[in-house]
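[1] sequence and predicted structure are below.
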Amino acid sequence: PWERIDPDGVTRLLGTTREAVVLDCHDECRPNAIGRAVGAVDGGGLLVLLAPPLAEWPDRRDGFDEGLAAPPFECSDVTGHFRTRLVSLLRVHPGIAVVDVDAEGCRVRRDGLTNPAPRLPRDPLTPPDDAAFPRTVYERCRTDDQVAAVAALERLADPGQALVVEADRGRGKSSAAGLAAGALALDGREVLVTAPAYRNAAEVFARSRTVLDDAGALTAAEPANGEPRRLATTDGGVRFERPAEAATAVEGTAPPDALLVDEAA
């Protein structure tokens, strides 16, 4: 399946993961759009950048430049520093292929292949000695950073605790939050997750469900068909609400035991 997103709606990619993203930069080269598209590509995935000829691109001006030119300046006064830097990296960075396409066909200018393929050594991840969450939760972590984040999120089991998890895009913040939410639900707690839209928190629910499935504790996923807004256990659960509804729930008569705000967007 595939999905088309208008350039103005590229923020919809925040907090999501795609195996491949195709970004058309012919009309506009938006730095933020490129950053968000790159951040949505899964490890080992593919980003296809459609652009004018690289030799000409830095000197071109497009719709994005027009929006930057404030009177008395004109579009021609806007520099092409970002495109110049981008093109220079596209030409030399490992793993990037450059293909020219015109009326005569396709010509591979650079295949982007790396030999041998880069591999990062992975040492076994070790949960903290005093971890409160089950070991199986930590075994689902991919990096030491995720282990540290999940360990920090353990404090949400105690009332009145709060913390902020910060990391660059794509480092697994939502996954860590989902693992923690699942662990809290296993312990009988009600966890409320909020984000601008469910799609921004989908990874949280995917990882929470993994934790509950591993433990055989998932009693219901509502709705049963499609993307669940609530994962239930015998005594707890994980549910989604938009920010306004979440604020009302927190101030209500039956507030959740923990609130997770996925601020990827």
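    It's in.
[2] list the buried ones in stretch 205-220?
    205, 207-212, 214-215, 217-218 (16 or more other C-beta atoms under 10 Å). The C-beta positions use only the backbone N, C-alpha and C, and glycine is treated the same way.
[3] what is the mean pLDDT for that stretch?
    Averaged across stretch 205-220, pLDDT comes to 95.
[4] what's the neighbour count on P31?
    12 (other C-beta atoms under 10 Å).
[5] helix, strand or coil for the residue lying closest to it once chain neighbours are set aside?
    Distances taken as C-beta to C-beta, 6 or more residues apart in numbering put F82 closest to P31, at 5.6 Å, once the chain neighbours are dropped. Assigned by DSSP: H, G, I helix; E, B strand; the rest coil, the conformation of F82 is helix.
[6] neighbours of T233, how many?
    20.
[7] tell me the SS of the nearest residue to it once chain neighbours are set aside?
    With C-beta to C-beta, 6+ apart as the criterion, T233 has its nearest non-adjacent residue at 4.8 Å, and that residue is A217. Secondary structure, three-state DSSP: A217 is coil.
[8] farthest-apart pair in the buried residues of stretch 205-220, please.
    Pairwise distances across the buried residues of stretch 205-220 (C-beta to C-beta) peak at 15.9 Å, for the pair F205 and A215.
[9] ok, A149 touching K173?
    Yes. A149 is in contact with K173 according to C-beta atoms under 8 Å; the separation is 6.9 Å.
[10] joint contacts of these two?
    Both A149 and K173 are contacted by 165, 167, under the criterion C-beta atoms under 8 Å, 6 or more residues apart in numbering.
[11] hmm, back to that, could you list every residue that touches the residue nearest to T233?
    Neighbouring residues of A217 by C-beta under 8 Å, 6+ apart: 185-186, 233-234.
[12] now it: how far from T234?
    Counting by C-beta to C-beta, to the nearest Å, the gap from A217 to T234 is 7 Å.
[13] do the same with T16
    Counting by C-beta to C-beta, the gap from T16 to T234 is 31 Å.
[14] the two: who's more crowded?
    Legend: neighbour count by other C-beta under 10 Å for T16 and T234, higher for T16 (19 against 11).
[15] that older thread, count the neighbours of the residue nearest to P31 for me.
    Using other C-beta under 10 Å as the criterion, the residues surrounding F82 number 14.
[16] wait, it sits on C29?
    Yes. Look at F82 against C29 with C-beta under 8 Å: they come within range, at 7.4 Å.
[17] now the common contact residues for those two.
    Common neighbours of F82 and C29 (criterion: C-beta under 8 Å, 6+ apart): none identified.
[18] burial of T194, as a residue count?
    T194: 23 surrounding residues under other C-beta under 10 Å.
[19] helix, strand, or coil at the closest residue to it other than its chain neighbours?
    Leaving aside its sequence neighbours, T194 sits nearest to A246 (C-beta to C-beta, 6+ apart; 3.8 Å). Using three-state DSSP, the structure places A246 in helix.
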